[in-house]
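Enquirer: A structural model of the following input is requested.
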Amino acid sequence: MGIRILLADDHQLMVEGLCALLRKHPEMETVGQASDGRTAVEMVEELSPDVVLMDIGMPNLNGIEATRQMVARHPNTKVMALSTHSDGTTVAKMLKAGASGYMLKASAFTELIKGIKAMVEDRTYLCSRIANVIFSDYVNMITNPKWSGGDGLTGREREVLQLVAEGWTTKEIAATLHISVKTIDSHREHIMDKLNIRNIAGLTKYAIREGLTTP
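Expert: As a prediction, this is how the structure comes out:
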């Protein structure tokens, strides 16, 4: 049986290009495509792919939170981050969420294939540029038990923050996350207190800067 791959990226051109290239490798099979993080989580539940190629800057639910949910529910599914971000903080957050690999979108496709095969063999894989630039930084961060992503927000709070920044109403967020409006209001207050930000515009700027959403 071949390696079953789910593509999660909101840029259709990127997805189509990956599909075309993966078709040249008969040992690999693209089983699905998701254009937002929440759909990607649902498709992992439905399809149980071996590997997810995950864009970090996904709408609705960003790639970091989507990865955290996927790996918690399906630990045998390997997630490879695909991103334009090469800073140590973003890489560390993705690895802490449970990703088994991190690949810059500018990397060669041959390196992506190498990374996919490494993850299927239960090995972590970083593309050469990431490994060379931030190896020592990400090791220091993810091995520090006091490190929590830099802002002290919980996974649920970061999920709510993304949806607030993307313009969702309190009722829409509550319905999507299957929790009460009162709980969403409580999460928003905690987020504002932790970040010392008192308005939606400030929260939106913070979410964009942290890579939780895109402008």
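Enquirer: which intervals of this protein have sub-threshold pLDDT?
Expert: Residues of the chain meeting the criterion pLDDT under 70: 1, 132-151, 215.
Enquirer: which one is the residue nearest the centre of the chain nearest to, not counting chain neighbours?
Expert: When the chain is reduced to its mean C-alpha position, the nearest residue by C-alpha atoms, centre = their mean turns out to be Gly63, at 1.8 Å. Nearest residue to Gly63 in three dimensions, chain neighbours excluded: Ile56, at 3.8 Å (C-beta to C-beta, 6 or more residues apart in numbering). In this view, the C-beta of every residue, glycine as well, is placed from N, C-alpha and C.
Enquirer: surely the one you found touches Leu95?
Expert: No. Using C-beta atoms under 8 Å, Ile56 is not in contact with Leu95; the gap is 11.8 Å.
Enquirer: among the two, which residue is more densely surrounded?
Expert: The neighbour comparison of Ile56 against Leu95 (other C-beta atoms under 10 Å) goes to Ile56, with 27 against 22.
Enquirer: quick one: contacts for the residue nearest to the centre of the chain?
Expert: 8, 37, 54-57, 81, 83, 94 (C-beta atoms under 8 Å, 6 or more residues apart in numbering).
Enquirer: what ranges does the protein have for its strands?
Expert: In the chain, the segments counted as strands under DSSP state E are 3-8, 28-34, 51-55, 78-83, 101-104, 125-126.
Enquirer: got JSON lines for these, with mean neighbour count and distance to Ala207 too?
Expert: Formatted as JSON lines, the strands of the chain follow (neighbours: other C-beta atoms under 10 Å; distance: least, C-beta to C-beta, whole Å):
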{"stretch": "strand 3-8", "mean neighbour count": "23", "distance to Ala207": "19"}
{"stretch": "strand 28-34", "mean neighbour count": "18", "distance to Ala207": "20"}
{"stretch": "strand 51-55", "mean neighbour count": "28", "distance to Ala207": "16"}
{"stretch": "strand 78-83", "mean neighbour count": "26", "distance to Ala207": "16"}
{"stretch": "strand 101-104", "mean neighbour count": "25", "distance to Ala207": "21"}
{"stretch": "strand 125-126", "mean neighbour count": "22", "distance to Ala207": "26"}
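Enquirer: okay, those in a markdown table with distance to Ile113 next?
Expert: Converted to a markdown table, the strands of the chain look like this (distance: least, C-beta to C-beta, whole Å):
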| stretch | distance to Ile113 |
| --- | --- |
| strand 3-8 | 10 |
| strand 28-34 | 8 |
| strand 51-55 | 11 |
| strand 78-83 | 11 |
| strand 101-104 | 11 |
| strand 125-126 | 11 |
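Enquirer: domain ranges for the protein?
Expert: Listed by automatic domain parsing, the domain ranges of the chain are 3-142, 155-209.
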